[in-house]
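>>> Turn this into a structure:
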Amino acid sequence: MTEHKTGADLTLGGQRVHERLTRDEPELITRVLARIQAEVADYRRLPVEELAGDIAGITRQAVRAFARSLREDRELNDAELRQIGASAVRRAEEGFPLEAVLNAYHVGAREIFAVGSAEAGGEDVADLLEVADRVLAWVGAVTAAVTRGYLEELRTKVGQEHTARRTLLSVLADGGPVDVVARSAGIALPARYLVLSVELGPHADEASPGVDAEIAVRRKLRRFLAAFEHACGDGVLASLDGPGGLVLLPLAGRLTEIAGWHAVLDAAGRAAGVDVLAAAETATPPEVRVVAGRTAEVLDVLRWFGREPGLYRLDDVLVEYQLTRPGAARDRLAAVLAPLEAHPELVETLSAYLELDTNRRRAATRLHVHPNTVDYRLRKVRDLTGIDPLHPAGLPRIIAALAARRASLPPAR
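Numbers count the residues shown, from 1 in each chain. Here you go, the predicted structure:
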């Protein structure tokens, strides 16, 4: 039975491996750097002084750490792993790809093994296998340290950017020193935003048995926002929950035309797999607070009048908007339908009838009743309110009354 050797005693070609690595260190570093540049394209983009400085330095530290681990017969210690992790943090700060960093360490591992085993003979098989195992263990430890350091820095950076954007959106929406906040966050403000107040329909997955509804909602929102970012870049600001919220899009390119507004919203809705109802208006950064308040009001009007999914402007609902402004007239209009409060089926029938362009058969199909039942209920509405929804003369008033009633109800969310 072969006696187990310590790392310090592993010998290839008549020389201890850690001693060979120490002796040939300058040549090994040169070989590693040359091979990294040849095989990992991203390193060819680095300035020469960074390759000769920081990259050469961390390569030297990594090679020495492996040689020490052999000599002292141990795994890499915390201090050595911290050095490697710190270098990965610097690469993350520079925006250098993680896969390139990992590839570089793998190249280094192959060169370490190649130099260490260069003069191995047939009698060295056992030690050669042990060295190979040590190199693989070293690669595993280094990969973990690099990935941990890189991702921690990335999370910090993303978190800071997210916080900066949330702060900027809050200042834009609530009012405040917009320019000061944007400068401190390093964010360039566009000349104008497209302000969108949006309502997102439910995704089918949200009600699917066995599916986590919260995950389905987050997936819906992620895809919805990703479509905007694809079209508009990283200047998109948004505050969304499951049912919807506020989105600010930098006004440039195709968004300067109204047709572009519709196209971008349609693409976002398709990406999320849901219907979208949206109110839109443009605003300079200082105007966002007022305009966002107005688009939210327009979105309410679209809901109250049962508008189909799509993108609307204030100009599309001027009469409806004015009808539902708070005041004595709205309160009295809402009171017209007060006699129906004890008859929810009448309100439901009236809503379906008006939303389906006064088509009684379609209303009956939606309500799963006979068309004669719809006629009966609408006559009951007439008897209770004094307004005949079956007569053209009564339609404007009953539509306005129903919208005023909806506007007077507490918010659904």
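>>> And the contacts of stretch 64-79?
With C-beta atoms under 8 Å, 6 or more residues apart in numbering as the test, stretch 64-79 has contacts from 6-8, 10, 17-18, 21-22, 25, 80, 83-84, 112, 134-135, 137-138, 141-142, 145. Just so you know, the C-beta spots here come from the backbone N, C-alpha and C atoms, and that holds for glycine as well.
>>> correction: stretch 241-259
169, 172-173, 190-200, 206, 217, 220-221, 225, 228, 231-233, 235-240, 260-261, 263-264, 282, 288, 292, 296, 299, 313, 413.
>>> Just the buried ones out of those, please.
169, 172-173, 190, 192-200, 206, 217, 220-221, 225, 228, 231-232, 235-238, 240, 260-261, 264, 282, 288, 292, 299, 313 (16 or more other C-beta atoms under 10 Å).
>>> List the backbone torsions phi and psi for Ala238.
phi -150, psi 150 (degrees, to the nearest 10).
>>> Which strands and helices lie in contact with the helix or strand containing Arg31?
Here Arg31 sits within helix 25-39, counting by DSSP states H and E. Secondary-structure packing of helix 25-39 (3 or more C-beta pairs under 8 Å, 6 or more residues apart in numbering; DSSP states H and E): helix 56-71, helix 98-116.
>>> any chance of the ones you listed in CSV, plus mean pLDDT, distance to Val178 and mean neighbour count?
As requested, these are exported to CSV (pLDDT from 0 to 100; distance: least, C-beta to C-beta, whole Å; neighbours: other C-beta atoms under 10 Å):
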stretch, mean pLDDT, distance to Val178, mean neighbour count
helix 56-71, 91, 42, 20
helix 98-116, 90, 35, 20
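>>> what would these look like in a markdown table with distance to Arg330?
Listed next are the helices and strands packed on helix 25-39 as a markdown table, based on distance: least, C-beta to C-beta, whole Å:
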| stretch | distance to Arg330 |
| --- | --- |
| helix 56-71 | 70 |
| helix 98-116 | 58 |
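>>> Out of the ones you listed, which is closest to Glu49?
helix 56-71 (10.2 Å; C-beta to C-beta).
>>> now could you export just the CA positions of that closest one as CSV?
Coordinates of each C-alpha in helix 56-71 appear next as CSV, following Å, rounded to 0.1, in the frame of the first residue of the first chain:
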residue,chain,number,x,y,z
ALA,A,56,-0.1,40.2,-13.3
GLY,A,57,-0.2,40.9,-9.5
ILE,A,58,-3.3,38.8,-8.8
THR,A,59,-1.9,36.0,-11.1
ARG,A,60,1.3,36.1,-9.0
GLN,A,61,-0.7,36.0,-5.7
ALA,A,62,-2.8,33.0,-7.0
VAL,A,63,0.2,31.0,-8.1
ARG,A,64,2.0,31.7,-4.8
ALA,A,65,-1.1,30.7,-2.9
PHE,A,66,-1.2,27.4,-4.6
ALA,A,67,2.5,26.7,-4.0
ARG,A,68,2.1,27.6,-0.3
SER,A,69,-1.0,25.4,0.0
LEU,A,70,1.2,22.5,-1.3
ARG,A,71,4.1,23.3,0.9
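>>> angle of the following helix or strand past it against helix 98-116?
Using DSSP H and E, the next helix or strand after helix 56-71 towards the C-terminus is helix 78-93. Angle between the axes of helix 78-93 and helix 98-116 is 140 degrees (criterion: axes from the mean of the first three to the mean of the last three C-alpha atoms, to 10 degrees).
>>> got the buried residues for helix 78-93?
Going by 16+ other C-beta under 10 Å, helix 78-93 has these buried residues: Glu80, Leu81, Gln83, Ile84, Gly85, Ser87, Ala88, Val89, Arg90, Arg91, Ala92.
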